[in-house]
Structure formats: structure tokens, C-alpha cells
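Engineer: predicted model and sequence below, questions to follow.
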Amino acid sequence: MPVTIGALRESAPNETRVSLTPEVAEKFAQSGARVLVESGAGARANFPDALFKKVDWAPSPAAVLTNADIVLAVQPLTVEQIQQLKPAAVVVGFMQPHARKDEVKALRDRRITSFAVELIPRISRAQSMDGLSSQAAIAGYKAVLIAASNLPKFFPMLTTAAGTIRPSQVLVIGAGVAGLQAIATARRLGAVVEAYDVRSATKEQVKSLGAKFVDTGVSAEGSGGYARELTAEEKAKQQEVLDSRIAAADAVVTTASVPGRPAPKIISRAAVERMRPGSVVVDIAAEQGGNCELTRAGETVNHNGVNIIGPVNLAASLAYNASEMYARNLLNFLKPAIEKGELKIDWTDEVFAQACLTHDGVVKHEPTLKTLG
Ligand code: NAD
């Protein structure tokens, strides 16, 4: 029996992305798998049913959940959905293991094999599977467009019959995947861009994109390519230099995060009060608590004429490309495990071993296990 790979229409409010696109569905079918798609799954991402070839259709989410051996998802499945899965089914998607304790327990108790996209190791071989990166790049791009469209100024320098218009100053805080895409996008729009990150390794990347690196004299190299938390003294020093650059900016895009922790607070109320009226802060970290003290997720806060925008699920606002990239990430992850239509997971492969959240009734990811108590 070939393995059945199922894809759902996402049930989370405002989730427009889909875990399977027509291109990827065809590739799974070519690898010998049966592909089962919930009718209308791709509609909000502009992949109507008619574009999917060589797939079977499921009239309801339950028809996918009760029949699929592997369920592909964007957002974590709900506890109710997990209850409907086939025994020993496999689920692949974002799992938010720190936040979704009930869901993790349900996956464990139902002996589901779950792979969390967030846990795929960030090694070169797994770059093509890295859903965090593909979706972060989209967030960085979109954040700059939001900044540009909310600023009462041009981004580029303009020489017009009515005189010369000075270019906008953009500051990007956090130069990871989202931040680098934000820098590139702001540069393409003609802004003068500065960027800052606690990891000094980002300095060269920032410069290569034509932006200036803000040097605060503080470095926070952590392990595994991530930042560590800063000491109080380091934070104060960082803050001093950063506050002056924030005050000079027309638009600030913040993308800083530390895995598994609330987003670091980098822009204080006092720093916002030094900004010029009309300036904008777009805080990509809004959903993790925000990099700005005044950020409210899903809202725009006007403070003394400065707009602090806290967008949520930015990737979903570019649902077509976000789904294309995400579905390819999942294909690249699963491809090595599907041989002639059959599922064979190589548990000695660090990619599968590390991405595994639950298997055989056990929570495999140590930090998540600890949070469950
Ligand atoms: P992230 O979303 O966890 O964090 C975003 C950025 O915020 C990071 O660059 C981090 O250094 C920065 N940051 C954290 N605290 C800060 C603070 N107080 N002030 C300023 N900046 C702060 O990171 P990410 O974008 O997902 O990835 C981080 C890095 O991991 C990448 O830039 C890359 O070097 C590496 N990476 C490697 C691979 C791979 O090899 N497969 C894939 C993706 C990322």
C-alpha cells in the first residue's frame, strides 16, 4: 500500500497559507505516494483545486485526518484534530512546542510521530527544509513594505522640479534571515539603511547588502548560530548607542529574537519619545512579546505621533509565495523518507532525530519535555 500524504485547509483564523501546492503534490505523487487534499485547501493562497493534478479529494478535514498516514500542516493541529488522526500517523508542521502544551500531550498520548519544522537543525544540508527561514524572509520583506506605506515620506532620494527630497533613514534591528531580507528590500526602495545585531558575524552580511552596521561594542555570540542573552551591563551599553540611531531613523524594523524565549526588549518608551513625529516602528517580533516596549500584537499604537506597528503572521500576507516555499521545505524534508511510495524514516539521520517532537508515546525534544513538567 502506498503511503497517503494528506493536506488540510488550515483552520486557524487568518491563516491563508497551505502546506501543499500543486507543484509539490505532483512531486509526492511521482515518488509513489497517494496524495489526499481537503477541497479548498489552497484557495486562500490562490491555488484553486483545479490546479492540483494526480490527487484525491477529501470533502472534510476529518476525511484527511482519518485516512492520511502523513499529515502536512502549517499551523499546529488542534487537540480535536489530533484525536482524529490514524494510529501511528505522522504529522509535519509548525508545532510551537513551547506554547502548545495540550497539543504536544495529545500527540504524545495518541502515539503520533510529529516533526516540528521549528526543530529542523540549521545545518547546511537542511537549508532547503528550513521553514523558519523561508517564512522569516517573507516577514522581513513585508515589514519594510508596511514601513514604507505608513511613512509620510519617500524612501528614495528624489530630484524633482519642486526640489530635492532626502532619502528616508531605515534602521533594521536583528540581522538574521528576516532582518537581512528587510535590509535588502529597504535598499531596493532607495532608503539609507543601517542595521544592528548582537552577533558580530552579521557585520559583513549587513555591509554586503549596502547597509551600515551600527557598532555598539557589544558582542553576543551564542551557540548554534543563535544569540545568547546579554548581561545588564552589556544591555545598557548597547542601548546607549542604539537609542541615538533609533532617534535618527524615519523607520525602524525590528526582528530580534532569542529561540525559546520572549523577544528581547530593545526599544524603550523613552527611545520612541526621541523619534520624530511621523516615524514608524514595525515590530516583527510582536507575536513573541515585541522588541519595542509599546508594541501590541496585531495593533498599531500611536505614541506622540510615532506609529508602532505590531503585525502578526506576516508570512500569511504573501500566502502564494509563502506556501510555495513552505511546501518545498516539507517536500525536501520528507523526500529521503519516501521510497517507492513507502515511508521509511532513518532515525540515525540527525535531521529526523532532531526535528522529532513526539514518537511512540514519548516527547523526544528535551526542552519541551521539561516545560511539560
Ligand atoms: P532569529 O529569528 O532567532 O533572530 C533574529 C536575529 O535577532 C538574530 O540574528 C539574532 O542574532 C538577533 N538578536 C537576538 N537578540 C538581539 C538583540 N538583543 N539585539 C539585536 N539583535 C538580536 O534568527 P534567525 O534569523 O532565524 O537565524 C539566526 C542565524 O542562524 C542566521 O542569521 C544564520 O546565521 C543562522 N542560520 C543558519 C541556517 C543554516 O545553516 N541552515 C539556517 C537559518 C539560519
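Structural biologist: Nice, thanks for sending it over.
Engineer: what's near enough to touch residue 180?
Structural biologist: Applying CB atoms under 8 Å, 6 or more residues apart in numbering to residue 180 gives the contacts 140, 202, 205, 206, 209. From N, CA and C alone the C-beta is placed, and that goes for glycine too.
Engineer: next one: phi and psi at the first one?
Structural biologist: Torsion angles at residue 140 (phi, psi; degrees, to the nearest 10) stand at phi -60, psi -40.
Engineer: about what we covered before: just the buried members of the contacts of residue 180?
Structural biologist: 140, 202, 205, 206, 209 (16 or more other CB atoms under 10 Å).
Engineer: against the ligand, how distant is the fourth one?
Structural biologist: In this structure, residue 206 lies at 10 Å from the ligand, with CB to the nearest ligand atom, to the nearest Å as the measure.
Engineer: tell me the buried residues in stretch 103-110?
Structural biologist: So for stretch 103-110, counting by 16+ other CB under 10 Å, buried means 103, 104, 106, 107, 108, 110.
Engineer: what about the one residue in the stretch 1-150 of the chain that gets nearest to the ligand, how many neighbours?
Structural biologist: The ligand sits closest to residue 122 of the stretch 1-150 of the chain, with a gap of 3.6 Å, by CB to the nearest ligand atom. Neighbours of residue 122 under the rule other CB atoms under 10 Å: 14.
Engineer: now do the SS call for it.
Structural biologist: In three-state terms, and counting by DSSP: H, G, I helix; E, B strand; the rest coil, residue 122 is coil.
Engineer: could you do the one 4 residues further on as well?
Structural biologist: Each residue gets one of three states, and residue 126 gets helix by three-state DSSP.
Engineer: report pLDDT for it.
Structural biologist: Listed pLDDT for residue 126 reads 98.
Engineer: who are the contact partners of it?
Structural biologist: 120, 333, 351.
Engineer: so residue 89 versus residue 351, what's the distance?
Structural biologist: Taking CB to CB, to the nearest Å as the measure, residue 89 falls 20 Å from residue 351.
Engineer: got the contact list for the residue in the stretch 51-200 of the chain positioned nearest to the ligand?
Structural biologist: Distance from the ligand to each residue of the stretch 51-200 of the chain (CB to the nearest ligand atom) is smallest for residue 176, at 2.1 Å. Contacts for residue 176 (CB under 8 Å, 6+ apart) come out as 136, 197, 202, 255, 257.
Engineer: look at the fourth one and report its pLDDT.
Structural biologist: At residue 255, the model reports a pLDDT of 98.
Engineer: that one contacts residue 183, doesn't it?
Structural biologist: No - using CB atoms under 8 Å, residue 255 makes no contact with residue 183, being 9.9 Å away.
Engineer: what's the overlap in contacts for those two?
Structural biologist: 172, 175.
Engineer: hmm, the least confident helix or strand in the chain by mean pLDDT in reach of the ligand?
Structural biologist: Within the chain, no helix or strand scores below helix 232-248, which has a mean of 90 by mean pLDDT, DSSP states H and E. No - Helix 232-248 stays clear of the ligand (CB under 6 Å from any ligand atom), getting no nearer than 6.8 Å.
Engineer: neighbouring contacts of whichever helix or strand comes after that helix?
Structural biologist: If you walk from helix 232-248 toward the C-terminus, the next helix or strand you reach (DSSP states H and E) is strand 251-254. Under the contact criterion CB under 8 Å, 6+ apart, strand 251-254 has outside partners 140, 143-144, 147-148, 151, 168-174, 179, 182, 186, 191, 246, 266-267, 275, 279-285, 290-292.
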